[in-house]
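J.: Please work out how this folds:
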Amino acid sequence: MHFTPVCLLLSCLRLSPDRTQFFKHESLSLTCDNQLNSTSHWRVKRKTAEGGVRQCGSGWGSAFSGSGCTIGSTYPSDSGVYWCESTESERSNTINITITGGSVILVSPALPVMEGDSVTMQCRPETNTSLDFYKDGLPMGRGAVAQVTIHSVSKSDEGFYKCVILGSGESAESWLSVKASLSLPPAAFSYTVTRMMYPIVVWAPFLLSTIILGLIIRDRKKAQTDAERRGSDEVVMDIVV
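T.: Numbers count the residues shown, from 1 in each chain. Here you go, the predicted structure:
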């Protein structure tokens, strides 16, 4: 999948493998990525239908490296919403993970993707058969290749996706999130640079004048001090002679 994952929070929850659907008995790991190197201590938490809200290591998963968590063998009861939470109750992004006991899953990115990137979603069946892809309940196409690629994704591509294996079953739905590009248009960039430069242009002459005035005062004081010292030496010499 050729895409740029987007996460612009204090801490970013990352999932490996990078997909939101898993077969039963697969393994996965979750990591709290400290974006700003804050001093907060982050832990992986989840909310499931059966277990409620629990921290990694409290009846599920195994904590590692302080802010990471791994599930060695997944079960449908592990399906739920996962996130990172700090000791100060700050929260990261959330990831909705689905564990299925069925015969097919949809492999799609766990994090939002950037507008303009290309995204490939794969349908992973137990056997190779004819496949159907759906977006928001509407068919997108059929084929023997178990994947679909969206070139240059946009906000209009955002939605719930699933795939269907004829005669076998279908995957659960996964939400594809698309974020707007962070790049500014030329006009906006020019406006932003102008606003940034305005205080510098306004205050630069004042700062420069202040520095020059300070140097002049310093030099005058130094010259006055040197003159006073020379006068004192001449008086001493006159007394000795």
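
J.: So for stretch 156-169, mean pLDDT?
T.: The average pLDDT within stretch 156-169 is 87.

J.: quick one, what contacts the spatially closest residue to Thr74 that is not a sequence neighbour?
T.: Once flanking residues are discounted, Thr74 sits nearest to Ile99: 4.6 Å by C-beta to C-beta, 6 or more residues apart in numbering. In short, each C-beta sits where N, CA and C put it, glycine included. Taking C-beta atoms under 8 Å, 6 or more residues apart in numbering, we find Ile99 in contact with Gln21, Phe22, Phe23, Lys24, Glu26, Thr74, Tyr75, Pro76, Ser77, Asp78, Ser79.

J.: what's the spacing between Ile99 and Ser73?
T.: Note on Ile99: its distance to Ser73, by C-beta to C-beta, to the nearest Å, is 10 Å.

J.: now do Ala63
T.: Using C-beta to C-beta, Ala63 is found at 16 Å from Ser73.

J.: Among these two, which residue is more densely surrounded?
T.: Ala63 (15 against 10; other C-beta atoms under 10 Å).

J.: any idea how this protein splits into domains?
T.: Split into domains by automatic domain parsing, the chain comes to 11-179, 184-241.

J.: just those domains: most buried one?
T.: Across the domains of the chain, averaging neighbours per residue (mean count of other C-beta atoms under 10 Å) puts domain 11-179 on top, at a mean of 17.

J.: Just the endpoints, please. Distance across that one?
T.: End-to-end distance of domain 11-179 (C-alpha to C-alpha, to the nearest Å): 18 Å.

J.: C-alpha coordinates for stretch 141-159, CSV please?
T.: What follows is stretch 141-159, C-alpha atoms only, in CSV (Å, rounded to 0.1, in the frame of the first residue of the first chain):
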residue,chain,number,x,y,z
GLY,A,141,-16.1,-4.5,-9.3
ARG,A,142,-15.3,-8.2,-9.6
GLY,A,143,-12.2,-10.1,-10.4
ALA,A,144,-9.8,-12.9,-9.5
VAL,A,145,-7.2,-10.5,-8.2
ALA,A,146,-7.8,-10.0,-4.5
GLN,A,147,-7.0,-6.3,-4.3
VAL,A,148,-8.2,-2.9,-5.5
THR,A,149,-6.1,0.2,-5.8
ILE,A,150,-7.4,3.8,-5.5
HIS,A,151,-5.0,6.2,-7.3
SER,A,152,-4.8,9.7,-5.9
VAL,A,153,-7.4,9.3,-3.1
SER,A,154,-9.6,12.2,-2.1
LYS,A,155,-12.2,12.9,0.6
SER,A,156,-14.9,11.4,-1.7
ASP,A,157,-13.1,8.0,-1.4
GLU,A,158,-13.7,8.1,2.4
GLY,A,159,-16.1,5.4,3.5
